[in-house]
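In: The following comprises the amino acid sequence and a computationally predicted model.
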Amino acid sequence: MSRDRDIVTDHAVLRYLERVYGVDVNALRRRIELMTREGRGVGAKAQVHDGVRYVFAEGRVVTVHGCNGEMSNRARRWKARRK
């Protein structure tokens, strides 16, 4: 029996965001790259910027967390625009 996570892949979710919501994923990728350049450059394991914690492995951003388990201010603004 498959788990719920197996039914819809991350790739499908990403394409949905791009093609249905019009999210510019490449622009987001560039933005994350710029916001984390300093931390990655000094070999940090993570960096906090604008209430978001970016986690690094081998110089790459591997995951992102809202600080304190809360939604960032940016996410709140984005969510409010979608209502």
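Out: Nice, I can see it.
In: where does the spatially most central residue of the chain fall, phi/psi-wise?
Out: By Cα atoms, centre = their mean, the chain has its centre lying nearest to V64, at 5.2 Å. Dihedral pair for V64: phi -140, psi 140, per degrees, to the nearest 10.
In: Next, the contact list for it, please.
Out: Residues in contact with V64 (Cβ atoms under 8 Å, 6 or more residues apart in numbering) are I32, V52, R53, Y54, V55. C-betas here are computed from N, CA, C, even on glycine.
In: Looking at those, which is nearest Y16?
Out: If you rank these by distance to Y16 using Cβ to Cβ, I32 comes first, at 19.5 Å.
In: which residue sits closest to the closest one, ignoring its sequence neighbours?
Out: Of all residues not flanking I32 in the chain, V61 sits nearest, at 5.7 Å (Cβ to Cβ, 6 or more residues apart in numbering).
In: what's the helix or strand for the one you found?
Out: Using DSSP states H and E, V61 maps to strand 60-66.
In: The residue lying closest to R60 once chain neighbours are set aside: neighbour count?
Out: Nearest residue to R60 in three dimensions, chain neighbours excluded: R40, at 7.7 Å (Cβ to Cβ, 6+ apart). Neighbours of R40 under the rule other Cβ atoms under 10 Å: 16.
In: Over to G41?
Out: 9.
In: Let me know the next secondary structure element after the helix or strand where the residue nearest to R60 lies.
Out: Here R40 is covered by helix 25-41, with elements defined by DSSP H and E. Next in sequence after helix 25-41, counting helices and strands by DSSP H and E, comes strand 46-49.
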